[in-house]
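J.: have a look at this fold, sequence not included:
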Ligand SMILES: Cc1cc2nc3c(=O)[nH]c(=O)nc-3n(C[C@H](O)[C@H](O)[C@H](O)COP(=O)(O)OP(=O)(O)OC[C@H]3O[C@@H](n4cnc5c(N)ncnc54)[C@H](O)[C@@H]3O)c2cc1C
């Protein structure tokens, strides 16, 4: 352990910040540890906010660390406070209550903020976002049977909210500006299957469609049609919250730039979670991810770096999305795809294998999660698959495509 590290300050009380604190204590860091979060809650995991917490108003998202754990582990948890400046010379962080928090190592885990919907005439009291527990609590009472809910954005959050609102008996429309749902997946097959699933469930999904203008509680669309919208949920993406890092002069480019050890352009400042654009040594490029996996595991590497061990964060990216009874999982981060192989069918669920220049670069499962552990191993083994077309043969076990000794 680096004996010079006696005070660690973490800014961002989300999953990545809390996991960094937890990992530091788990691997033996014994010095002062402060975790600062702007929300009025102890750190919790967000995925349930667009799933269980919408279906059941009383449901609580899983906690990452709570006040009792912090007391026991000597973690000074400060909630409902914003860090507003970093003094890199003095090595301290200034909070909005005027207090200063000196550090030997600072970790920025400030996450993302929802992109705001900007439209003339829009009554902001009818527009909702979903990032925090407070957002979920504000949205939940609007999801009454028969009420009209328009979701702007056919990405993961939008479709999860759509499925939840539909299950609660709302009249749900989804507006997606792109010609496909989930455009970032890079798979037309997956996008079409998801579209078909939700349309069969009765959700009105409109592709290639934007809001042209607002007319009271009606939205006039780019197609010329008008739809009623008592509630609008904007799921139009997120923006990494880099304000603090930028003001401190750290290197930022669509996220705080970090190496594979979580270090920023200032070696005494590290970063973790959604806010990072980090170097992935397996893929040999920088990635910005918005996923539970990244917020959960990247902090372990950051904690080890602080402790003087240099263990790179090297994971094949993976995420899941539950949209009613549709489970979608995606692994890899394909920059381009030139060949696709499909395994399974409507009754068994589908796995989609994405190739670029002969190499497997991504995999997607739709209601076929059993394939995902092997897909992740295939991606990690990074060796050519001899006969990619044979992946379509459901009678051949997927494990047969693994090389002997492939990483698990
Ligand atoms: C509704 C929802 C559903 C999701 N579902 C899934 C899923 O099914 N599967 C999946 O893989 N991923 C899912 N995710 C993504 C996953 O939850 C995120 O990737 C993860 O929460 C990122 O954690 P983070 O700690 O990096 O950032 P965040 O969760 O954004 O936390 C950052 C925290 O830092 C605080 N902060 C920011 N600036 C300051 C400051 N200056 N001072 C103090 N505090 C500050 C913020 O208030 C926030 O609490 C979902 C996300 C959401 C929002």
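T.: All right, it came through fine. Bear in mind that the values here come from a model prediction, so they are computed numbers and not experimental data. Numbers count the residues shown, from 1 in each chain.

J.: burial count for the closest residue to the ligand within the stretch 51-200 of the chain?
T.: Per C-beta to the nearest ligand atom, residue 111 is where the stretch 51-200 of the chain lies closest to the ligand, at 2.0 Å. (Each C-beta comes from the backbone N, C-alpha and C, glycine too.) Residue 111 sits with 26 neighbouring residues when counted by other C-beta atoms under 10 Å.

J.: cool, and the one 4 residues further on?
T.: The local packing of residue 115 (other C-beta under 10 Å) involves 14 other residues.

J.: what's the burial count for residue 194?
T.: Neighbours of residue 194 (other C-beta under 10 Å): 24.

J.: from what I see, residue 47 and residue 290 are in contact.
T.: No: the pair residue 47 / residue 290 is not scored as a contact, 11.3 Å apart, by C-beta atoms under 8 Å.

J.: name the single longest helix found in the protein.
T.: Using DSSP state H, we find that the single longest helix of the chain is helix 292-306.

J.: quick one: that helix near the ligand?
T.: Yes: Helix 292-306 comes into contact with the ligand (C-beta under 6 Å from any ligand atom), by way of 292, 293, 295.

J.: name the helices or strands packed onto the helix or strand just after that helix?
T.: Going down the chain from helix 292-306, the next helix or strand is strand 318-323, by DSSP states H and E. Packing contacts for strand 318-323, counted by 3 or more C-beta pairs under 8 Å, 6 or more residues apart in numbering; DSSP states H and E, involve helix 156-167, helix 188-200, helix 292-306, strand 326-332.

J.: of all those, which lies closest to residue 285?
T.: The minimum distance between residue 285 and these falls on strand 326-332, with 12.4 Å, by C-beta to C-beta.

J.: which residues sit against the next helix or strand after that closest one?
T.: Sequence order places strand 339-345 as the next helix or strand after strand 326-332, per DSSP H and E. For strand 339-345, contacts defined as C-beta atoms under 8 Å, 6 or more residues apart in numbering pick out 187, 189, 350-356, 368, 371, 388-389, 391-394, 398.

J.: the residue in the stretch 201-350 of the chain that the ligand sits nearest to: neighbouring residues, count only.
T.: With C-beta to the nearest ligand atom, the shortest gap between the stretch 201-350 of the chain and the ligand falls at residue 273, namely 2.2 Å. By other C-beta under 10 Å, the residues close to residue 273 number 33.

J.: now swap in residue 89 and tell me
T.: 6.

J.: how far away is residue 48 from residue 259?
T.: 32 Å (C-beta to C-beta, to the nearest Å).

J.: ah, wrong one, I meant residue 213
T.: Counting by C-beta to C-beta, the gap from residue 213 to residue 259 is 46 Å.

J.: ok, residue 113 - contacts?
T.: Contacts of residue 113 (C-beta under 8 Å, 6+ apart): 131, 238, 239, 241.

J.: partners of it in the sheet?
T.: residue 239 (DSSP bridges).

J.: residue 219 now?
T.: Here residue 219, judged by DSSP bridges, has bridge partners residue 214, residue 227.

J.: is it true that it touches residue 206?
T.: No: using C-beta under 8 Å, residue 219 is not in contact with residue 206; the gap is 10.8 Å.

J.: between the two, which is the more surrounded one?
T.: residue 219 (24 against 18).

J.: tell me the contacts of that one?
T.: Neighbours of residue 219 in contact, by C-beta under 8 Å, 6+ apart: 150, 211, 213, 226, 227, 228, 229, 232.

J.: one more time with 6 Å
T.: 211, 227, 229 (C-beta atoms under 6 Å, 6 or more residues apart in numbering).
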